[in-house]
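Asker: dropping the sequence and predicted coords here.
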Amino acid sequence: MILLASNENPLGMPESARRAAAEALAGAGNYPDSNGTALKNALAARLDVPADWLTLGSGSSEILELAAQVSLKPGEGVVYSQYGFIVYAQATAHAHAHATVVPSRDFGHDLDAMRAAIGDDTKLVFVANPNNPTGTFIDAAPLLAFLQSVPAHVTVLLDEAYTEYLSPAQRYDSIEWVRRLPNLIVARTFSKAFGLAGLRIGYGVSQPALTARMNAQRPRFNVTTPAQAAAVAALGDADFLTRTYELNTAGRDQLAVGLKELGLECVPSSGNFLMVRVGDAQAVHARLLAAGIEVSLLGPYGLPEWLRVSIGLPEQNRAVLAALR
Ligand SMILES: Cc1ncc(COP(=O)(O)O)c(C=O)c1O
């Protein structure tokens, strides 16, 4: 089966991380370091922030959940965009809060409308850049202007699960924004470009007061010893990250060109996936499955005519295009 449904890294896990995780297994009879000291130190050095600005999560999904738990009381409001990542709705529901889902513009965030939707009871805003499942990207300048316009009592979770796939021209320094904005949490993950989705590890960056609340809420042993060790190794594996980036950029072009040749509409993506309009997505999904290819249905996002295809190895992308043809 060719798995292109969950935006994983088609290279799999870096060899450096596999070795580190295997070594760490020897110590798995003991609880993990609940503070994640070695990984936090590595991240702190990489991001140039103190270690007490970091929260480790069981995937960045847990960072999103923690942000909701520390920001919201029952009945309070959350703002996010239509086609926003599914966990925003789940985290809102888990906190017994209510969501204002702002209609998207061209499949991306309408930041002006999101700003206008922030009311007195709003306590949390989710923004994904790039967004999943649409792949849309917000330029740094309008994004920073939006963040600066959000009232200080409203937490903003900037979800950067796919940030490593941005082109050099798109990249921006959101950690610098965290230094300026005490209500901002930047969430990142080791599940995508770092190839560790199955180990469940991600992190949040925020100023110490907010970080302390996140860590107080966090289950004590939420990140396993092999996951912590693998993340340290993956973070230091620049070659793997470069290979991942280059493979993704080329594969995304390959798929986009091929889909265009097939006359299929797709949304330009800044992530490691492409959203393509196929009409009867259920039927096409079933035919692809029969051909041994799993992609993602987007019915739960209100996009019943679209499929999301993760970028694979060149031969996997070719197989998707051949099957769609
Ligand atoms: C936009 C976005 N944020 C967060 C996540 C969470 O990933 P994880 O919990 O594996 O870090 C995903 C995963 O698909 C995602 O697409």
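Answerer: On my side now, so go ahead.
Asker: up against the ligand, what does the stretch 1-150 of the chain have?
Answerer: Taking Cβ under 6 Å from any ligand atom as the criterion, the stretch 1-150 of the chain approaches the ligand at residues 7, 59, 60, 61, 85, 128, 132. No exception for glycine: its C-beta is placed from N, CA and C like everyone else's.
Asker: show me which of those are buried.
Answerer: The neighbour count (16 or more other Cβ atoms under 10 Å) marks 7, 59, 60, 61, 85, 128, 132 as buried among those.
Asker: how about CSV for those residues, with pLDDT and secondary structure added?
Answerer: Written out in CSV, the entries for these read as follows (pLDDT from 0 to 100; DSSP: H, G, I helix; E, B strand; the rest coil):
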residue, pLDDT, secondary structure
7, 98, coil
59, 98, coil
60, 98, helix
61, 98, helix
85, 95, coil
128, 98, strand
132, 97, coil
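Asker: show me what contacts the residue in the chain that the ligand sits nearest to?
Answerer: Here the chain gets closest to the ligand at one residue, residue 59, 2.6 Å apart by Cβ to the nearest ligand atom. By Cβ atoms under 8 Å, 6 or more residues apart in numbering, the contact list for residue 59 reads 189, 191, 197, 200, 201, 202.
Asker: and the nearest residue to the third one once chain neighbours are set aside, how far is that from residue 7?
Answerer: Leaving out its chain neighbours, the residue that sits closest to residue 197 by Cβ to Cβ, 6 or more residues apart in numbering is residue 191, at 3.9 Å. In this structure, residue 191 and residue 7 are 8 Å apart, going by Cβ to Cβ, to the nearest Å.
Asker: can you get me a residue count around residue 110?
Answerer: Here the number of neighbours of residue 110 (other Cβ atoms under 10 Å) works out to 16.
Asker: ditto for residue 125
Answerer: As a burial measure, residue 125 scores 27 neighbours (other Cβ under 10 Å).
Asker: go on, the one 5 residues further on?
Answerer: By other Cβ under 10 Å, 23 other residues sit near residue 130.
Asker: cool, and residue 112?
Answerer: Applying the criterion other Cβ under 10 Å, we find 13 residues in the vicinity of residue 112.
Asker: show me what the host helix or strand of it is packed up against.
Answerer: Using DSSP states H and E, residue 112 sits within helix 111-117. For helix 111-117, the elements it packs on are strand 77-81, strand 98-102, strand 122-128, helix 140-149, judged by 3 or more Cβ pairs under 8 Å, 6 or more residues apart in numbering; DSSP states H and E.
Asker: domains in this protein, by residue range?
Answerer: Following automatic domain parsing, the chain resolves into domains at 15-235, 239-324.
Asker: which SS class is residue 188?
Answerer: strand (DSSP: H, G, I helix; E, B strand; the rest coil).
Asker: do the same with residue 274
Answerer: Three-state secondary structure (criterion: three-state DSSP) places residue 274 in strand.
Asker: bridging residues for it?
Answerer: Beta-bridge partners of residue 274, counted by DSSP bridges, are residue 309.
Asker: in the residues of the stretch 1-150 of the chain next to the ligand, find the pair that's most separated.
Answerer: 59 and 128 (14.7 Å; Cβ to Cβ).
Asker: give me the pLDDT value at residue 100.
Answerer: Among the per-residue scores, residue 100 shows a pLDDT of 98.
Asker: test my guess that it contacts residue 122.
Answerer: Yes. Applying Cβ atoms under 8 Å, one finds residue 100 in contact with residue 122, separated by 7.4 Å.
Asker: shared neighbours of these two, anything?
Answerer: Common neighbours of residue 100 and residue 122 are listed as 77, 78, 79 (criterion: Cβ under 8 Å, 6+ apart).
Asker: one step back: of residue 100 and residue 122, who's got more company?
Answerer: In terms of neighbours (other Cβ under 10 Å), residue 122 is the more surrounded of residue 100 and residue 122; the figures are 22 against 16.
Asker: bridge partners for that one, pull those for me.
Answerer: Bridge pairing for residue 122 (DSSP bridges) gives the partners residue 77.
Asker: wait, what's in contact with it?
Answerer: Listed by Cβ under 8 Å, 6+ apart, the contact partners of residue 122 are 76, 77, 78, 79, 100, 154.
Asker: how about 7 Å then?
Answerer: With contact set as Cβ atoms under 7 Å, 6 or more residues apart in numbering, residue 122 has these partners: 77, 79, 154.
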